[in-house]
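Fold the following and give me the result.
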Amino acid sequence: MTIFADLHIHIGRASSGAPVKITASPKLTLEGILWECLERKGIQIAGIVDCASPPVLEDIRNLMAQGKLATLEGGGLTYCDQVTLFLGAEIELAGPNGGSAHYLAYTPSLEAMEELSCYLDKAITNITLSSQRAALDIRKVNDFVVRELDGIFMPAHAFTPFKSVYGNCVRRLTELGVGFCALELGLSADTDLADRLLEVADLRFLSNSDAHSLPKIAREYNALQLAKPDFVHFRAALWGDTANRLVANYGLDPRLGKYHRTYCPQCELVVELEPPAGVCTHCKSEKVVVGVLDRITGIADEKEPVHPPHRPDYIHQVPLEFIPGVGHKTLEKLLQAFGTEMHILHHTSVDELSQVVGTRLAANIVAAREGRLGISVGGGGHYGRIDR
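Okay, here's the model as predicted:
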């Protein structure tokens, strides 16, 4: 069966009101996320990456006591028997040569996540908050997660200029001394960019939203074919099991990402030099935020991508909220007519859309689906935009 999965979603507040991810919306509660995935997004596996926080663990236990969450035999939890919850933690770890990066750790059970929370609590100033820097060696964390907890451990948003392995830590993953099964691309990179690095050929790529608000859930996501929507079968897919596999990545055109091109904060301009650009074309300053395209071009082995046989298609898809003319009222009208965003994006025809929102907007939605809309490039923390 084909399953849509977004595996990097943040919690803004616990049900107690305790802050978890400070930069995230307070509407991002555990049950709020699961309900959004079920009723509006059409996401069947949700990875929440703040589950090492004790208030979040308490929320999970409470939903289990209420009968809304239940343990799956193959790992993970099921919400109302319709959405699978993977328990994750985003952890910041120092790089070998300076800088630090975020990593994602997923565990198969609540008990294993509780063990991870206790493990991290000894090395983090405030375990309640998400994405805190841990005074731990990456090799020891990897061993603990993968060997002790039977979990999954991988780099998060691997190419962004802040808090990523390639963006500000290393030129090659081998410098970390850890073997991964997968990495998360991040919003400003896609398969064509990442596969210019030969060392990632054996890894599976994940495209996730890194959502800091409810509407941002599933702006990037993955299509999986799994025998069952549980942790064991997902982990098998990442390790190359042919019976369970990743069949497509859906994500933004990298040009829409916040960090695609180098950006000069002083001039507030995206640098337009040929990549790799490291100097502002206007003021000549070298104090720039190096873009993902520029970073990858600077460290790439190949000028063009070299895709391994197992690599699925990366499908550029514009979220509905990015499309000109799709405001809150229009989105609600579409959801009332067609159910979920996944259904709108994957299954509705232009004729069906036209009956609800008119021919012009329907044509825009289909053009966005097919990658035919013009794009102004993003950089320096500012998203690119769809040109009208």
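
How far does the helix or strand hosting Thr330 sit from its chain's centre?
Per DSSP states H and E: Thr330 is located in helix 328-338. Helix 328-338 sits 25 Å away from the centroid of its parent chain (CA atoms, centre = their mean, to the nearest Å).

Next: stretch 199-212.
7 Å.

thought Ile365 was touching Ile323?
Yes. With contact defined as CB atoms under 8 Å, Ile365 reaches Ile323; the gap is 6.0 Å. The C-beta positions use only the backbone N, C-alpha and C, and glycine is treated the same way.

sorry, back to before: name the residues of the helix holding Thr330 that come out as buried.
Thr330, Leu331, Leu334, Leu335, Phe338 (16 or more other CB atoms under 10 Å).

quick one: which of the residues you listed is nearest Leu30?
Ranked by distance to Leu30 (CB to CB), the buried residues of helix 328-338 are led by Leu335 at 22.0 Å.

from what I can see Ala248 touches His316, true?
No. Counting by CB under 8 Å, Ala248 does not reach His316; the two are 11.3 Å apart.

so which helix or strand takes in the residue positioned nearest the centre of the chain?
Residue closest to the average C-alpha location in the chain (CA atoms, centre = their mean): Asn208, at 2.3 Å. Assigned by DSSP H and E, Asn208 belongs to no helix or strand.

Now it. Nearest residue, chain neighbours left out?
Of all residues not flanking Asn208 in the chain, His8 sits nearest, at 3.6 Å (CB to CB, 6 or more residues apart in numbering).

Name the helix or strand for that neighbour, please.
Per DSSP H and E: strand 2-9 holds His8.

list the helices and strands that strand packs on?
strand 45-48, strand 83-94, strand 100-107, strand 221-225 (3 or more CB pairs under 8 Å, 6 or more residues apart in numbering; DSSP states H and E).

That strand: what's the following helix or strand?
helix 30-36.

in stretch 353-365, what counts as buried?
Leu353, Ser354, Val356, Val357, Leu361, Ala362, Asn364, Ile365.

Okay, the last one and Glu341: tell me how far apart.
The reference is to Ile365. Relative to Glu341, Ile365 is positioned 11 Å away (CB to CB, to the nearest Å).

which neighbours do the two share?
Counting by CB atoms under 8 Å, 6 or more residues apart in numbering, the contacts common to Ile365 and Glu341 are Leu320.

still on that earlier bit, and the residue nearest to the centre of the chain, how far from Val232?
Relative to Val232, Asn208 is positioned 20 Å away (CB to CB).

Nearest to Arg261 among the helices and strands packed on strand 2-9 would be which one?
When the helices and strands packed on strand 2-9 are compared by CB to CB, strand 100-107 sits nearest Arg261, at 21.1 Å.

Following element in sequence after the closest one, please.
Using DSSP H and E, the first helix or strand after strand 100-107 is helix 110-121.

next helix or strand past that next one?
Using DSSP H and E, the next helix or strand after helix 110-121 towards the C-terminus is helix 138-143.

Check the offset of that next one from the chain's centre.
22 Å.

Show me how the protein divides into domains.
Domain segmentation of the chain under automatic domain parsing yields 2-255, 319-372.

still on that earlier bit, mean neighbour count and distance to His212 added to the helices and strands packed on strand 2-9, as a markdown table?
Below are the helices and strands packed on strand 2-9 laid out as a markdown table (neighbours: other CB atoms under 10 Å; distance: least, CB to CB, whole Å):
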| stretch | mean neighbour count | distance to His212 |
| --- | --- | --- |
| strand 45-48 | 26 | 13 |
| strand 83-94 | 24 | 12 |
| strand 100-107 | 25 | 14 |
| strand 221-225 | 23 | 16 |
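
okay if I get the ones you listed as a markdown table plus distance to Ser188 and mean pLDDT?
Shown next, in a markdown table, are the helices and strands packed on strand 2-9 (distance: least, CB to CB, whole Å; pLDDT from 0 to 100):
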| stretch | distance to Ser188 | mean pLDDT |
| --- | --- | --- |
| strand 45-48 | 20 | 98 |
| strand 83-94 | 18 | 98 |
| strand 100-107 | 15 | 98 |
| strand 221-225 | 16 | 97 |
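
for these, which one sits closest to Gln266?
Gln266 lies closest to strand 100-107 among the helices and strands packed on strand 2-9, at 24.9 Å (CB to CB).

The strand holding His8: which residues count as buried?
Buried-residue list, strand 2-9, by 16+ other CB under 10 Å: Ile3, Phe4, Ala5, Asp6, Leu7, His8, Ile9.

Kindly report the same for stretch 296-312.
Ile296, Thr297, Ala300, Pro305, Arg311, Pro312.

Before I go, just wanted to say thanks for your time.
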